[in-house]
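A.B. asks: Below: sequence and its predicted model.
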Amino acid sequence: MTLAVLMRNWMHSTKKSDHTANTIILTAFLGGAVPKQWAGYVAEHPIPAPRLVLARILVGASKGAESTKKRTPAQAADAIISAFTTHFETLEFPQLENEVKFFLQLIMVCAEEHRPFVRAFLKSGKFWAAVASVLRRSKQVPQGSRQGMLAYLVLQIYVNGWETMEKEGREYIDTTIYNWISGGLLGALDDIVDLLTSSPLANNVGSPASAVVLTNIVSVIMTHIELESLSARTLAALRAELPRPRIVKRMIVAGSTLTGDRESEARNRETMRGMKDMLGGRFPDENNGAWLQGVWQLLQSIAFAVQDEGACARRGCDRRADKGAGTTCKMCKVTVDTSYCSKVPSPTFVPLSFPHPTSTTVLAGLIHMDPAVMQKLLAEETERRTRWKVLISTDPRRTVRVLTAAGWAPETIDGDTSWDVPSILRCLETPSKNPQSAVWRRLVKAGLFTAL
């Protein structure tokens with residue numbers, strides 16, 4: 001009964017010392033990392049199979065603290081998820097890292113052995129909101145070798161979400177994605193995007209790159225938009241949380257080559273090869289910059305797919321088209337010359353294909369377009385690059401202003417928008433190769449490095 005008691009203690013623990021001891025022991029017995037001091041004993045007394053350990057753990061959750069009535073399997077699962085939710089909301093680092101590791105180990109075993117637990121964590125909106133809060137707080141972890149690890153581990157919870165929801169059917173797919181979005185996933189990513197793109201984990205030091213995980217998460221969302229698996233409620237939740245220009249910009253910058261040296265040029269060639277692999281439905285290496293491209297391209301695709309043609313596309317603005325042209329929107333700070341404040345433009349990049357990690361569906365990263373539309377978009381991109389090649393040389397302050405735009409910024413001063421950022425970054429590659437040039441010095445003086 002020791003494991004049952006440990007589980008009951010974990011569910012009701014209030015002291016850090018009690019919590020740490022319980023989670024480390026339970027994680028190890030479920031197949032996780034075994035403390036070094038156990039090595040000699042475990043060598044002679046192997047730990048039982050995880051499925052046998054799970055059965056004893058569930059006994060510990062079968063009764064409440066004050067109740068003598070036994071819970072059903074579904075009720076016990078709900079009680080465990082409720083305990084995780086409370087712990088995620090109240091614990092601090094490093095206890096949070098132990099808690100997340102315990103959850104990941106538990107869900108790995110339950111995915112094969114205990115479906116009630118899987119369904120309980122997929123459908124719990126409070127649980128997913130607590131997960132997003134941990135993700136957001138991960139940037140507060142002290143700097144050092146562990147910074148970024150908590151965020152990476154939390155992202156693995158979303159990975160488990162997509163891997164298990166598809167086995168449970170359409171209802172759970174829609175509910176899970178709704179819980180992700182309404183629980184604050186995109187807002188949390190917005191808060192920690194600098195951590196994800198600057199942490200050693202973003203460059204695959206010791207673990208898979210965060211960009212790979214993020215690309216797969218947004219790919220799953222886009223997949224189910226295209227498969228029409230999502231309800232009107234979930235699409236509305238996505239619409240309310242998009243666009244996310246800060247994430248897009250940071251991913252573009254992290255994946256761009258601006259130094260002009262041989263090493264950066266080699267990375268750029270690797271990224272292009274990775275993008276070709278994606279077009280062929282293959283996974284590039286985890287270090288490849290194409291994964292950073294995948295995150296922002298898919299996010300823009302989702303924003304384009306769920307937009308309301310009759311509404312302002314700026315996140316948080318509810319101005320409708322029927323208010324008429326020629327009025328000023330206080331939130332967007334623009335005088336509206338059309339029937340909307342702003343609009344998600346059609347994506348102006350070549351669509352990538354991402355192999356769906358849990359199905360045979362190969363996802364086109366963008367809404368499929370006919371050749372005429374694609375040709376028009378490519379022509380617009382050519383015009384944009386031509387314009388910025390001139391502006392980078394003649395108006396460095398304008399260049400920096402667009403790169404530092406915090407909002408969606410469509411129809412802003414001189415017609416510049418945050419969608420110009422990819423074109424600007426590509427145009428910057430040429431002057432960056434000559435850092436002593438007058439053009440590059442003027443850009444630096446205008447605040448280019450601060451903007452990036």
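C.D. replies: In hand now; what should we look at?
A.B. asks: pLDDT weak spots in the stretch 151-300 of the chain?
C.D. replies: Applying pLDDT under 70 to the stretch 151-300 of the chain flags the ranges 198-209, 255-265, 268, 278-281.
A.B. asks: hmm, try it at 90
C.D. replies: Applying pLDDT under 90 to the stretch 151-300 of the chain flags residues 151-153, 159-171, 192-217, 219, 222-223, 225-229, 239-240, 242-300.
A.B. asks: What segments of it are strands?
C.D. replies: Along the stretch 151-300 of the chain, no segments are classed as strands by DSSP state E, counting those that start in this stretch.
A.B. asks: How about Thr399, nearest residue that isn't a chain neighbour?
C.D. replies: Once flanking residues are discounted, Thr399 sits nearest to Ile392: 5.3 Å by C-beta to C-beta, 6 or more residues apart in numbering. To be clear about C-beta, it is placed using only N, CA and C from the backbone, and glycine gets the same treatment.
A.B. asks: Toward the C-terminus from the helix or strand where the one you found lies, list the very next helix or strand.
C.D. replies: For Ile392, the enclosing helix or strand under DSSP states H and E is helix 371-394. Reading on from helix 371-394 to the C-terminus, the next helix or strand found by DSSP H and E is helix 396-403.
A.B. asks: which parts of that next one are buried?
C.D. replies: 396, 398-403 (16 or more other C-beta atoms under 10 Å).
A.B. asks: show me what contacts Ala211?
C.D. replies: Ala211 makes contact with 196-197, 202, 251, 254, 291-292, 294-295 under the criterion C-beta atoms under 8 Å, 6 or more residues apart in numbering.
A.B. asks: so can I have JSON lines of those showing distance to Leu3?
C.D. replies: Shown next, in JSON lines, are the contacts of Ala211 (distance: C-beta to C-beta, whole Å):
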{"residue": "Leu196", "distance to Leu3": "36"}
{"residue": "Thr197", "distance to Leu3": "41"}
{"residue": "Ala202", "distance to Leu3": "38"}
{"residue": "Met251", "distance to Leu3": "43"}
{"residue": "Ala254", "distance to Leu3": "44"}
{"residue": "Trp291", "distance to Leu3": "40"}
{"residue": "Leu292", "distance to Leu3": "43"}
{"residue": "Gly294", "distance to Leu3": "42"}
{"residue": "Val295", "distance to Leu3": "40"}
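A.B. asks: What about those residues, which are in helices?
C.D. replies: 196-197, 251, 254, 291-292, 294-295 (DSSP state H).
A.B. asks: Next, format those as a markdown table and append distance to Ser432.
C.D. replies: Shown next, in a markdown table, are those (distance: C-beta to C-beta, whole Å):
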| residue | distance to Ser432 |
| --- | --- |
| Leu196 | 24 |
| Thr197 | 19 |
| Met251 | 19 |
| Ala254 | 16 |
| Trp291 | 23 |
| Leu292 | 18 |
| Gly294 | 24 |
| Val295 | 23 |
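A.B. asks: Between those residues, which sits nearest Gly184?
C.D. replies: Leu196 (15.8 Å; C-beta to C-beta).
A.B. asks: Quick check: closest non-adjacent residue to that closest one.
C.D. replies: Nearest non-adjacent residue to Leu196, counting by C-beta to C-beta, 6+ apart: Ser210, 4.6 Å away.
A.B. asks: OK, contacts around the residue nearest to Thr399?
C.D. replies: So Ile392 contacts 399, 424, 427-428, 431, 439, 443 (C-beta under 8 Å, 6+ apart).
A.B. asks: and of the residues you listed, the nearest to Leu54?
C.D. replies: Proximity of these to Leu54 (C-beta to C-beta) peaks at Ile424, which lies at 53.3 Å.
A.B. asks: Chain neighbours aside, what residue packs nearest to the closest one?
C.D. replies: Distances taken as C-beta to C-beta, 6+ apart place Trp388 nearest to Ile424, at 5.3 Å, with adjacent residues excluded.
A.B. asks: Likewise for Ala237?
C.D. replies: Excluding the flanking residues, the one nearest Ala237 by C-beta to C-beta, 6+ apart is Ile181, at 4.4 Å.
A.B. asks: Would you agree the one you found is in contact with Leu235?
C.D. replies: No - assessed by C-beta atoms under 8 Å, Ile181 is found out of contact with Leu235, at 9.7 Å.
A.B. asks: Is it correct that Thr215 is in contact with Val295?
C.D. replies: Yes - counting by C-beta under 8 Å, Val295 is a contact partner of Thr215 at 5.2 Å.
A.B. asks: on that earlier part again, adding neighbour count and distance to Ile81 as columns, could you present the ones in helices among the contacts of Ala211 in a markdown table?
C.D. replies: A markdown table is the format used below for the ones in helices among the contacts of Ala211 (neighbours: other C-beta atoms under 10 Å; distance: C-beta to C-beta, whole Å):
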| residue | neighbour count | distance to Ile81 |
| --- | --- | --- |
| Leu196 | 28 | 26 |
| Thr197 | 19 | 31 |
| Met251 | 26 | 32 |
| Ala254 | 21 | 34 |
| Trp291 | 30 | 31 |
| Leu292 | 27 | 33 |
| Gly294 | 27 | 31 |
| Val295 | 30 | 29 |
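A.B. asks: related to what we said a few turns ago, could you measure the residue nearest to Ala237 against Pro245, distance?
C.D. replies: Note on Ile181: its distance to Pro245, by C-beta to C-beta, to the nearest Å, is 17 Å.
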